[in-house]
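Student: sharing a model prediction with you, sequence too.
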Amino acid sequence: MTMVNLSFVLFLLCGVLINVQIARSDECITGSIRKLYEELNCIPEHDETNGCITSYNCSFTNDQRADKCYYQGREFSDGDRLEHNDFRSKCIPTCSCLVRDGRAEFNCAHYDCAEFFQPPLKKNCMRTYSHDSCCAVGVYCKKENEEETAATCEYGGKVYTEGATFFPNEEPCKKCICKPGFSGSLESPWCEEVFCEIEIHHAESIRDNCAPVYFGDNSCCPINFHCAHASSDETQETEVESTTITQKANDNTPTCKFGNSTVEIGRKVRGPEECTECSCKVPPLIECVVNSECQEGKLKTAN
């Protein structure tokens, strides 16, 4: 084998190893919190033996001032504005950085879509959507006894009409819109990434080391944040089952922060209510998950 061919083989082998490493990272991290870390531009840290992401380095947030707003690496002072084109989400028209009592947060306007105030649609009618707009862009009505003229998309055992939206379970951070030519691909132009805009909506919660709360284990954006009580320096910690993602190895093992308290991987803190479980899985934040079966059971009992 010539030196050129050997170099080429080594190059291909390195590429395969890198791809395997990335695939392993994608497969072995559990929970919904990964999207939050990515939006904050935290740096993933891997286990050298298996390539799994064990934690994220978000230490740069320690240098952020409480009286400033931050978005995508930019710093904003009191009164500074962001316009529609500054955001990744299509549903934020404008925001201003507002400082109160020395603490900054974004104050944002929201779109009041016309469909929110309109009467229900007639039978066989549906609103249609576009990735370029937050609100509906039109209405499609199928006429009875006439052949379907709009394109259809089949996915997950359901059939969607052109312009309809759907959210794939296997990729909860994707929003899809039925368009001609759909063959099952969850990529553009049919599907686009959903942005939670954590820095816009939850900057104060991140600053206070609060725990994002997700509905179920496979969701995209947090539905709320659970914060430590300001009057208590202790978190209600109990041991977690042996199925914990990472075992404590040494003093260099990353830990989670909950308010002012430090929580080891594999330990949990008391959730905001009975059906919400909060634990340290992927530092530096605690992750809370609402158990849907528990919640449904409580609702049935109440009724």
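Tutor: Structure received.
Student: hmm, Asp80 is touching Ser96, no?
Tutor: Yes. Using CB atoms under 8 Å, Asp80 is in contact with Ser96, at 7.0 Å. C-beta here means a position set from N, CA and C on the backbone, and glycine is covered the same way.
Student: for the protein, what spans make up the helices?
Tutor: 3-28, 34-39, 198-201, 203-207, 292-302 (DSSP state H).
Student: which of these has the lowest average pLDDT?
Tutor: Among these, helix 3-28 carries the lowest mean pLDDT, a mean of 45.
Student: check the burial of Phe117 by counting its neighbours.
Tutor: 7 (other CB atoms under 10 Å).
Student: do a quick rundown of the strands in the stretch 151-300 of the chain.
Tutor: 152-155, 158-161, 165-166, 174-177, 191-193, 211-215, 224-226, 237-239, 255-258, 261-264, 267-269, 276-279, 287-290 (DSSP state E, counting those that start in this stretch).
Student: Throw these into a markdown table and include mean pLDDT, mean neighbour count and distance to Ser130, thanks.
Tutor: Listed next are the strands of the stretch 151-300 of the chain as a markdown table, based on pLDDT from 0 to 100; neighbours: other CB atoms under 10 Å; distance: least, CB to CB, whole Å:
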| stretch | mean pLDDT | mean neighbour count | distance to Ser130 |
| --- | --- | --- | --- |
| strand 152-155 | 96 | 16 | 15 |
| strand 158-161 | 95 | 14 | 14 |
| strand 165-166 | 97 | 16 | 10 |
| strand 174-177 | 97 | 20 | 7 |
| strand 191-193 | 97 | 17 | 11 |
| strand 211-215 | 96 | 24 | 27 |
| strand 224-226 | 96 | 19 | 29 |
| strand 237-239 | 38 | 11 | 48 |
| strand 255-258 | 95 | 21 | 40 |
| strand 261-264 | 94 | 18 | 44 |
| strand 267-269 | 91 | 22 | 42 |
| strand 276-279 | 94 | 21 | 36 |
| strand 287-290 | 95 | 23 | 32 |
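Student: mind checking which of those is nearest Gly73?
Tutor: Evaluated with CB to CB, the strands of the stretch 151-300 of the chain place strand 191-193 nearest to Gly73, the distance being 18.6 Å.
Student: returning to what we had before: of all the strands of the stretch 151-300 of the chain, which lies closest to Arg65?
Tutor: Taking CB to CB, strand 255-258 is the member of the strands of the stretch 151-300 of the chain nearest to Arg65, at 18.5 Å.
Student: wait, what's in contact with the closest residue to Ile33 other than its chain neighbours?
Tutor: Leaving aside its chain neighbours, Ile33 sits nearest to Glu287 (4.6 Å; criterion: CB to CB, 6 or more residues apart in numbering). The contact partners of Glu287, by CB atoms under 8 Å, 6 or more residues apart in numbering, come to Gly31, Ser32, Ile33, Ala211, Pro212, Tyr214, Cys278, Ser279, Cys280, Lys281.
Student: right, and His131 touches Pro189 too?
Tutor: Yes. Assessed by CB under 8 Å, His131 is found in contact with Pro189 at 7.5 Å.
Student: these two: which has the busier surroundings?
Tutor: His131 (15 against 12).
Student: so who does the residue nearest to the more buried one when sequence neighbours are not counted touch?
Tutor: Among residues not flanking His131 along the chain, Glu192 sits closest, at 5.0 Å (CB to CB, 6+ apart). Applying CB under 8 Å, 6+ apart, we find Glu192 in contact with His131, Lys174, Lys175.
Student: Thr262 contacts Thr253, correct?
Tutor: No. Using CB under 8 Å as the test, Thr262 is too far from Thr253 to be in contact (11.4 Å).
Student: how close does the residue nearest to Ile198 when sequence neighbours are not counted get to Gly73?
Tutor: The shortest distance from Ile198 to any non-neighbouring residue, by CB to CB, 6+ apart, is to Glu39 (4.8 Å). Distance, Glu39 to Gly73, using CB to CB, to the nearest Å: 12 Å.
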